[in-house]
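**Student:** Just a sequence and a predicted model for now, questions to come.
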Amino acid sequence: MLKAHFSKLLSWFDSSNIKASENTSEAIDWLRVIPFILMHLACLLVLVYGWSPVALWVALFSYLIRMFAITAFYHRYFSHKAFKTSRACQFLFALLGATATQRGAIWWAAHHRQHHLYSDQDKDIHSPRHGFWWSHMGWFLCLKNFTTRERYVRDLIKFPELRWLDRFDILIPILYGISMWGFGFWLSISYPELHTSGGQMIVWGYFISTIALIHCTLCVNSLAHVMGSKRYITNDDSRNNGLVAFLTLGEGWHNNHHHYPVSARQGFFWWEIDVSYYLLTLMAYLGLVWDLQPIPVERLRANLISQEAER
Ligand SMILES: [Zn+2]
Ligand SMILES: [Zn+2]
């Protein structure tokens, strides 16, 4: 028992301390998720450190750039191979994605690929059919989904640098948080007129922006399978949800995405704002990514719900 507790404490720093064979329980694994709870409580430090315009701007930028790393790379690239990039760029965005504190790219992609294989069926790891809060948070707070199911990510585990990021998945967020503190401290010395501090910058630039980032990302799994409209007949409950799309730089067009997951764009029409896709187009123009998968015209028009109604 003591040994199991100790290995969970070690798993805060080295995820390889929990083995796949232990993956059975669907109960919240309180000891292991203490850091996740503390991150939420740390947002309350805003009552101590206050705010400043510069801290709010940094929080917004910190949110947006890491959301892009999650949506464009963790999701569209690592999970769905919706475009190609160099190994260096792949690593850089895996690194940036890791600061979002949603674990490593391999773990993220493995669970997401399983979600697409069994969407809203029994083997879907985070279907709202198993409970809304389960689909939002419960599924990753338990032991069952802690380890990476490697059979889904054979193409990714061959990269040792990605495996390293997955194993020590808390290290990069800690370094990011410390950098925020250092940045705020430097600003407080160099530009005192900005009225910021190390404490204020870590609260806004890391804790608040990361918690917002995590929950908005999770809304794709929970809300975008419950609320919104359906354009396509898919074998699941996926919805197009404009609010989730706004908050997640385009990921809320989730019914589109389940209809044709390999597409680099998820807003299929000009009015479906998809900022991640616009930025990917810019990166393609700069030669950083290439072979962005389009949505073929015949797929765009296939399985439309209104067509089905007419038959
Ligand atoms: Zn989904
Ligand atoms: Zn997906």
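**Tutor:** That came in fine, so what should we check first? Ligands and ions are numbered 1, 2, ... in the order given.

**Student:** what does stretch 61-79 rub up against?
**Tutor:** Contacts with stretch 61-79, where a contact means C-beta atoms under 8 Å, 6 or more residues apart in numbering, come from 82-83, 85, 90, 93-94, 96-97, 99-100, 102, 105-106, 108-109, 112-113, 116, 156, 180, 205-206, 209-210, 212-213, 216-217, 248-251, 264, 266, 275-276, 279-280, 289. Quick note: C-beta positions are derived from backbone N, CA and C, even for glycine.

**Student:** Narrow the residues you listed to those in strands?
**Tutor:** Among the contacts of stretch 61-79, the members falling in strands are 85, 289 (criterion: DSSP state E).

**Student:** Point out the ones among the contacts of stretch 61-79 that are inside helices.
**Tutor:** With helices taken from DSSP state H, the overlap with the contacts of stretch 61-79 comprises 90, 93-94, 96-97, 105-106, 108-109, 112-113, 116, 180, 209-210, 212-213, 216-217, 275-276, 279-280.

**Student:** pretty sure Lys230 is touching Arg239, no?
**Tutor:** Yes - shown here, Lys230 and Arg239 form a contact pair, counting by C-beta atoms under 8 Å, at 6.0 Å.

**Student:** Need the overlap of contacts for the two.
**Tutor:** By the contact definition C-beta under 8 Å, 6+ apart, Lys230 and Arg239 are jointly contacted by Asn255.

**Student:** Which of the two has more residues huddled nearby?
**Tutor:** It is Arg239, of Lys230 and Arg239, that has more neighbours when counted by other C-beta atoms under 10 Å, with 21 against 18.

**Student:** What sits closest to that one if chain neighbours are left out?
**Tutor:** Gly228 (2.9 Å; C-beta to C-beta, 6 or more residues apart in numbering).

**Student:** The one you found is in contact with His257, isn't it?
**Tutor:** No - using C-beta under 8 Å, Gly228 is not in contact with His257, being 11.8 Å away.

**Student:** more crowded one of the two?
**Tutor:** Set side by side, Gly228 and His257 show unequal neighbour counts under other C-beta under 10 Å, the larger going to His257 at 28 against 21.

**Student:** got a pLDDT number for that one?
**Tutor:** Note on His257: pLDDT of 97.

**Student:** Can you tell me the element it falls in?
**Tutor:** helix 254-259 (DSSP states H and E).

**Student:** what about that helix, distance to the chain center?
**Tutor:** Helix 254-259 has its average C-alpha position 17 Å from the chain's average C-alpha position, going by C-alpha atoms, centre = their mean, to the nearest Å.

**Student:** so what does it touch, helix or strand wise?
**Tutor:** When contacts are defined as 3 or more C-beta pairs under 8 Å, 6 or more residues apart in numbering; DSSP states H and E, helix 254-259 packs onto no helix or strand at all.

**Student:** and for that helix, what are the contacting residues?
**Tutor:** Helix 254-259 is touched from outside by 116, 119, 220, 224-225, 228-232, 234, 236, 238-241, 244, 251, 263, 266-268, 272, 299, 302-303, with contacts defined as C-beta under 8 Å, 6+ apart.

**Student:** If we use 6 Å, what do you get?
**Tutor:** Contacts of helix 254-259 from elsewhere in the structure, counted by C-beta atoms under 6 Å, 6 or more residues apart in numbering, are 224, 230-232, 234, 236, 238-240, 266, 268.

**Student:** can you check stretch 299-306 too?
**Tutor:** 230, 232-233, 260.

**Student:** what residues are up against His116?
**Tutor:** By C-beta under 6 Å, 6+ apart, the contact list for His116 reads Pro261.

**Student:** still on that earlier bit, backbone torsions only: list them for the residue nearest to Arg239.
**Tutor:** When quoted as degrees, to the nearest 10, the phi and psi of Gly228 stand at phi 130, psi -170.

**Student:** ok, now which ones touch it?
**Tutor:** Contact partners of Gly228, counting by C-beta under 6 Å, 6+ apart, are 239-241.

**Student:** ok, back up a step: in a markdown table, list the contacts of helix 254-259 along with secondary structure and distance to Ile189.
**Tutor:** Shown next, in a markdown table, are the contacts of helix 254-259 (DSSP: H, G, I helix; E, B strand; the rest coil; distance: C-beta to C-beta, whole Å):
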| residue | secondary structure | distance to Ile189 |
| --- | --- | --- |
| Ala224 | helix | 44 |
| Lys230 | coil | 54 |
| Arg231 | coil | 54 |
| Tyr232 | strand | 55 |
| Thr234 | coil | 55 |
| Asp236 | coil | 53 |
| Ser238 | coil | 50 |
| Arg239 | coil | 49 |
| Asn240 | strand | 48 |
| Gln266 | coil | 44 |
| Phe268 | coil | 50 |
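
**Student:** Many thanks, we can stop here.
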